[in-house]
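1. no FASTA, just this:
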């Protein structure tokens, strides 16, 4: 399974997690089957609120899940339409998120419990 984590840096497992999905400078992608890490620049980081295009930015990176601290309901809906699940995790680094993901300690984000503003996390 390939999981995507919004990050402030491109430092692999040590990358610092960004607070919100759409405005992260990078997306760090961890492959749980291969134990590999890659990074994608978020070329859409400075979009207008509610106008992020997560699938377009991830392009051919084909991910199965996104793990972040918060995400708006519209972004969740767009990901779900592409058969990508979203999960909420409070963590400082990619390594922490990977550990929590593999331990199944994450809450799934749905359109119903997604962020409705920037004060949600």
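-> Perfect, thanks for sending it. Since we're looking at a predicted model, the values are computed, not measured. Numbering: from 1, shown residues only.

2. now the strands for the protein?
-> Per DSSP state E, the chain carries strands over the ranges 2-7, 26-31, 36-41, 65-68, 85-88, 107-109.

3. turn these into JSON lines, columns for mean pLDDT, mean neighbour count and distance to residue 95.
-> Bear in mind the C-beta positions are built from the backbone N, C-alpha and C, glycine included. Formatted as JSON lines, the strands of the chain follow (pLDDT from 0 to 100; neighbours: other C-beta atoms under 10 Å; distance: least, C-beta to C-beta, whole Å):
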{"stretch": "strand 2-7", "mean pLDDT": "94", "mean neighbour count": "25", "distance to residue 95": "10"}
{"stretch": "strand 26-31", "mean pLDDT": "94", "mean neighbour count": "22", "distance to residue 95": "9"}
{"stretch": "strand 36-41", "mean pLDDT": "92", "mean neighbour count": "15", "distance to residue 95": "10"}
{"stretch": "strand 65-68", "mean pLDDT": "92", "mean neighbour count": "24", "distance to residue 95": "12"}
{"stretch": "strand 85-88", "mean pLDDT": "92", "mean neighbour count": "20", "distance to residue 95": "16"}
{"stretch": "strand 107-109", "mean pLDDT": "90", "mean neighbour count": "16", "distance to residue 95": "19"}
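
4. mind putting those strands in CSV, distance to residue 77 included?
-> Shown next, in CSV, are the strands of the chain (distance: least, C-beta to C-beta, whole Å):
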stretch, distance to residue 77
strand 2-7, 16
strand 26-31, 18
strand 36-41, 21
strand 65-68, 13
strand 85-88, 10
strand 107-109, 11
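
5. what about those, which gets the closest to residue 18?
-> strand 2-7 (4.4 Å; C-beta to C-beta).

6. packing partners of that closest one?
-> strand 26-31, strand 65-68, helix 94-102 (3 or more C-beta pairs under 8 Å, 6 or more residues apart in numbering; DSSP states H and E).

7. look up how far residue 23 lies from the residue of the chain most remote from its centre.
-> Taking C-alpha atoms, centre = their mean, the residue of the chain most remote from its mean C-alpha position is residue 34, at 19.0 Å. Between residue 34 and residue 23 the computed distance is 28 Å (C-beta to C-beta, to the nearest Å).
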